[in-house]
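J.: Here's my sequence, what's the structure:
(one chain, ligands or ions: 2)
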Amino acid sequence: MLLKDKVVIVTGASRGIGRAIAVTAAREGADVVLNYWGDNDATYNRRPAIREVLDNIASLGRRAIAVEGNVAERDTGAALVKAAVDAFGRVDVLASNAGICPFHAFLDMPPEVFETTMAVNLHGAFYVTQAAANQMKAQGTGGAIVATSSISALVGGGMQTHYTPTKAGVHSLMQSCAIALGPYGIRCNSVMPGTIATDLNAEDLSDTAKKAYFEKRIPLGRLGEPEDVAECVVFLASDRARYVTGAALLVDGGMFVNLQ
Ligand SMILES: NC(=O)C1=CN([C@@H]2O[C@H](COP(=O)(O)OP(=O)(O)OC[C@H]3O[C@@H](n4cnc5c(N)ncnc54)[C@H](O)[C@@H]3O)[C@@H](O)[C@H]2O)C=CC1
Ligand SMILES: C[C@H](O)[C@@H]1OC(=O)[C@H](O)[C@@H]1O
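T.: Residues are numbered from 1 along each chain as shown. Ligands and ions are numbered 1, 2, ... in the order given. Predicted structure coming up:
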């Protein structure tokens, strides 16, 4: 088991990639703190989602707690760490995954859409990472932080001008934290998913021509599934990756390199 008896915090764990990270970590022996926020939004119709994740992890014989909290709020990181320590005694791994991508054109981008996207995706990642790192430093036994960046850190999107800079920022955050936290034995890496079928892009991919375009661009011939990303996060969080820090792993079926 890759994460036997490790304590893992996952932000954005009720759905999609975060949910898959949480369940995969539990399958690999971890106890998990599940963060989520805003799932009562009618567009998702997912109210029981966090309950299902809790039940799923319990059925694997591991422990999990759910902590609702907006990562854009500065204190949420500290609250997640406190919940982890109260419930499980420590924090070994942070999967900083929560993120939003409200597609919008650039020229008339509402400031609140830009600022909320920055606050959740980048500021949230910063503060949660800082809180987890301070706990790991105090424990004195190292740790691992894996952020969900994106292929969008490397390439643009005309309806994602507010989003792609946050994903480049998350990648850069992990690179700098690798340097800042290496002396404490804390490794920091990111995954860069390509196009993964989740609620985040369900509406965008309901355009069948756009979906077919992506499938054609991907050498492995299909969109990604949340589990494709989760397995890579768990690897980077595990001791199998003990000499890997400051790295970014594309998990995109080959889409990035497919020029022609
Ligand atoms: N789906 C995709 O194609 C890709 C997704 N990503 C990234 O993966 C991460 C997860 O995305 P998906 O699973 O696709 O999205 P999703 O929409 O399926 O799930 C989002 C999760 O984040 C949580 N969340 C949203 N706002 C939050 C907030 N303010 N505070 C705390 N939790 C919050 C939700 O509760 C939910 O659990 C995001 O950071 C996204 O940018 C990166 C590359 C590709
Ligand atoms: C939501 C998008 O479909 C998805 O998000 C990303 O980060 C990927 O680059 C895709 O564009």
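
J.: Ile151 is in contact with Thr164, correct?
T.: No: using Cβ atoms under 8 Å, Thr164 is not in contact with Ile151, being 9.5 Å away. C-beta here means a position set from N, CA and C on the backbone, and glycine is covered the same way.

J.: Please name the residues that touch the residue of the stretch 51-200 of the chain found nearest ligand 1.
T.: Nearest to ligand 1 in the stretch 51-200 of the chain, going by Cβ to the nearest ligand atom, is Gly99, at a distance of 2.1 Å. Going by Cβ atoms under 8 Å, 6 or more residues apart in numbering, Gly99 touches 12, 120-121, 148, 166, 200.

J.: quick one: contacts for the residue positioned nearest the centre of the chain?
T.: The centroid of the chain falls nearest to Asn97 when counting by Cα atoms, centre = their mean (1.7 Å). If a contact means Cβ under 8 Å, 6+ apart, then Asn97 has 10-13, 17-18, 21, 147-148, 233 as its contacts.

J.: 6 Å instead?
T.: Residues in contact with Asn97 (Cβ atoms under 6 Å, 6 or more residues apart in numbering) are 11-12, 18, 148.

J.: List just the nearest of those residues to ligand 2.
T.: Nearest to ligand 2 among the contacts of Asn97, with distances taken as Cβ to the nearest ligand atom, is Thr148, at 8.7 Å.

J.: Find the nearest non-adjacent residue to that closest one, please.
T.: Leaving aside its sequence neighbours, Thr148 sits nearest to Asn97 (Cβ to Cβ, 6 or more residues apart in numbering; 4.2 Å).

J.: And Ala78, by the same measure?
T.: Ala131 (4.7 Å).

J.: May I have the phi/psi pair for the residue nearest to Thr148?
T.: phi -120, psi -20 (degrees, to the nearest 10).

J.: Same check on Ile9?
T.: According to degrees, to the nearest 10, Ile9 has phi -100, psi 130.

J.: Give the burial count for it, as a bare number.
T.: 30 (other Cβ atoms under 10 Å).

J.: Tell me the secondary structure at the residue of the stretch 51-200 of the chain closest to ligand 1.
T.: Secondary structure, DSSP: H, G, I helix; E, B strand; the rest coil: Gly99 is coil.

J.: Count the residues that sit near the closest residue to Asp204 other than its chain neighbours.
T.: Distances taken as Cβ to Cβ, 6+ apart put Phe103 closest to Asp204, at 5.9 Å, once the chain neighbours are dropped. Counted with other Cβ under 10 Å, the neighbours of Phe103 add up to 15.

J.: just to revisit the earlier point, between the contacts of Asn97, which has the most around it?
T.: Neighbour counts for these peak at Thr11, which has 31 neighbours (criterion: other Cβ under 10 Å).
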